[in-house]
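1. what's the 3D shape of this:
(4 chains)
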2 protein chains.
Amino acid sequence: MKISTRAEYGIRVLVALARAEGSGPVSLTAVARSEKLPHAYLEQLVADLRRARLVTSTRGKAGGYALARPAAEISLVDAMRALDGPILEMPCAGADNLETCARPQDCSVHDVFQRVHESLEGALSGTNLAEVALSAGGPPFPLAVRRKRVAEHAARAAAARAAASAQAPTRPSQPAS
Amino acid sequence: MKISTRAEYGIRVLVALARAEGSGPVSLTAVARSEKLPHAYLEQLVADLRRARLVTSTRGKAGGYALARPAAEISLVDAMRALDGPILEMPCAGADNLETCARPQDCSVHDVFQRVHESLEGALSGTNLAEVALSAGGPPFPLAVRRKRVAEHAARAAAARAAASAQAPTRPSQPAS
DNA sequence: ACAAAGCCGACCCGCTGAGTCGGGATTTAC
DNA sequence: GTAAATCCCGACTCAGCGGGTCGGCTTTGT
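-> From the prediction side, this is the model:
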């Protein structure tokens, strides 16, 4: 069993965004450089993240990506599913829920993998981006804030998260450049 | 994340052997037929199981395979490792223990996957073949017992078991004659 | 107008998972 | 001693896919 680079890179991106929470959109180029990952490839992944409504995008110059919800409300299971599809696939079963087993009654391995699946899902759903971003320590994110877009983006994000209340940004302004 | 057919088939074989515990060697052909799996492919898998000392083999006519230890003493983590290699691989890290991370200090995803790894290992090591064989229910195994070989095999298995408990049974990397 | 971003579809390419094949070595039954 | 059943083993194939790259749009700030 192995973890795809999709999952790894995708989570790295998400963590990077989590660290930059409240600082307006972060360009993929910035993330790619800082994490030393292939920009063109990240574009694909982050597209999936956007389709899964985990991140919001802002187009045009000084655009970029940001988390669609507060980092604490995004669990890793969401991320993994968006990036890699079902948490656990196996030939015997089919989808994420391993219901469609080919050998209905006497499948000897069914509940084994069911158990594995649950354990996996538990571990992933029990962790959110905020935790990961913290535990990884390090500086928040080395980026220049584009002030103009912050307010705009905040509105967009607020709209996206619909009912959630915006919380105080961790590091609002750091125009170091 | 997905489960390879190696793992699935391999465990099916082991469960089949577990059900036939004490009845002397079971031929691969029998298992392949009863489980509807490709015999030639199983040969490969079971060879790995043998190298990992999870099963013993008896050659010649009326030969076959049997568990090297009592089913209750074979955990799924052993099986998985024998069949699939490291429980969790990921690009960031390397081997089963994810020590060799490329980005030593600020790897944001490291402990995430460490956690996943532990959870996985826990789920697997907490289940043994006897449990699985039971939970799957069904008839023990539809096979004709070759009485002549049973006693002979029992002795062989006992010997193997003794040898196995004498040395560390985890990773047999030394040449075994 | 231009540059900096996101967006998107097409393409490429080597690796590996999932088998197959053919033959050899062992053992038992007749 | 020959045949049959079995394990044993190395070589081979083959499709799919993970892991990217490329080129070209569209959107937007200055």
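2. quick one, strands of chain A?
-> A:55-58, A:64-67 (DSSP state E).
3. just name the most buried of these.
-> strand A:64-67 (a mean of 25; mean count of other Cβ atoms under 10 Å in any protein chain shown). Quick note: C-beta positions are derived from backbone N, CA and C, even for glycine.
4. could you give the mean pLDDT of that one?
-> Averaging pLDDT along strand A:64-67 gives 98.
5. ok, A:Pro70 to A:Val46 distance?
-> 19 Å (Cβ to Cβ, to the nearest Å).
6. name the residue in those two with the higher neighbour count.
-> Set A:Pro70 next to A:Val46 and count neighbours by other Cβ atoms under 10 Å in any protein chain shown: A:Val46 wins out with 23 against 19.
7. can you show me the helices along chain A?
-> Listed in chain order, the helices found in chain A under DSSP state H are A:5-19, A:28-35, A:39-51, A:76-84, A:110-125, A:129-135, A:147-161.
8. any chance of the ones you listed in TSV, plus distance to B:Gly10 and mean pLDDT?
-> Converted to TSV, those look like this (distance: least, Cβ to Cβ, whole Å; pLDDT from 0 to 100):
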stretch	distance to B:Gly10	mean pLDDT
helix A:5-19	25	96
helix A:28-35	37	95
helix A:39-51	32	98
helix A:76-84	24	96
helix A:110-125	12	90
helix A:129-135	34	90
helix A:147-161	46	59
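9. for DNA strand C, find the nearest of these.
-> Ranking the helices of chain A by proximity to DNA strand C (Cβ to the nearest atom of the strand) places helix A:28-35 first, at 3.6 Å.
10. give me the contact list for the closest one.
-> By Cβ atoms under 8 Å, 6 or more residues apart in numbering or on different chains, the residues outside helix A:28-35 that reach it are A:9, A:12-13, A:16-17, A:37-39, A:42-43, A:46, A:64-65, A:141-143.
11. now restrict the residues you listed to buried residues only.
-> A:Tyr9, A:Arg12, A:Val13, A:Ala16, A:Leu17, A:Leu37, A:Leu42, A:Val46, A:Gly64, A:Tyr65, A:Phe141, A:Leu143 (16 or more other Cβ atoms under 10 Å in any protein chain shown).
12. sorry, back to before: so which of the helices of chain A is nearest B:Ala130?
-> Closest to B:Ala130 of these, according to Cβ to Cβ: helix A:110-125, at 12.6 Å.
13. how about the closest one, does it reach chain B?
-> Yes. Helix A:110-125 lies within reach of chain B by Cβ under 8 Å from any Cβ of the partner chain, at A:His110, A:Asp111, A:Val112, A:Phe113, A:Arg115, A:Val116, A:Glu118, A:Ser119, A:Leu120, A:Gly122, A:Ala123, A:Leu124.
14. contact partners for the third one?
-> In this case it means A:Val112. Applying Cβ under 8 Å, 6+ apart, we find A:Val112 in contact with B:Ile11, B:Leu76, B:Thr127, B:Val132.
15. circling back to that earlier point, farthest pair within the buried ones among the contacts of helix A:28-35?
-> Using Cβ to Cβ, the pair of those lying farthest apart is A:Tyr9 and A:Leu143, separated by 18.2 Å.
16. from the buried ones among the contacts of helix A:28-35, pick the one nearest chain B.
-> Distances from chain B to these, taken as Cβ to the nearest Cβ, are shortest for A:Arg12 (5.8 Å).
17. pretty sure the closest one sits against B:Phe113.
-> No. With contact defined as Cβ atoms under 8 Å, A:Arg12 does not count as touching B:Phe113 (11.6 Å).
18. just give me the neighbour total for A:Arg59.
-> Residues near A:Arg59, counting by other Cβ under 10 Å: 7.
19. scratch that, A:Asp48
-> 18.
20. enumerate every residue touching the closest residue to it other than its chain neighbours.
-> With Cβ to Cβ, 6 or more residues apart in numbering or on different chains as the criterion, A:Asp48 has its nearest non-adjacent residue at 5.4 Å, and that residue is A:Ala82. Going by Cβ under 8 Å, 6+ apart, A:Ala82 touches A:Gly10, A:Asp48, A:Leu49, A:Arg51, A:Ala52, A:Leu54.
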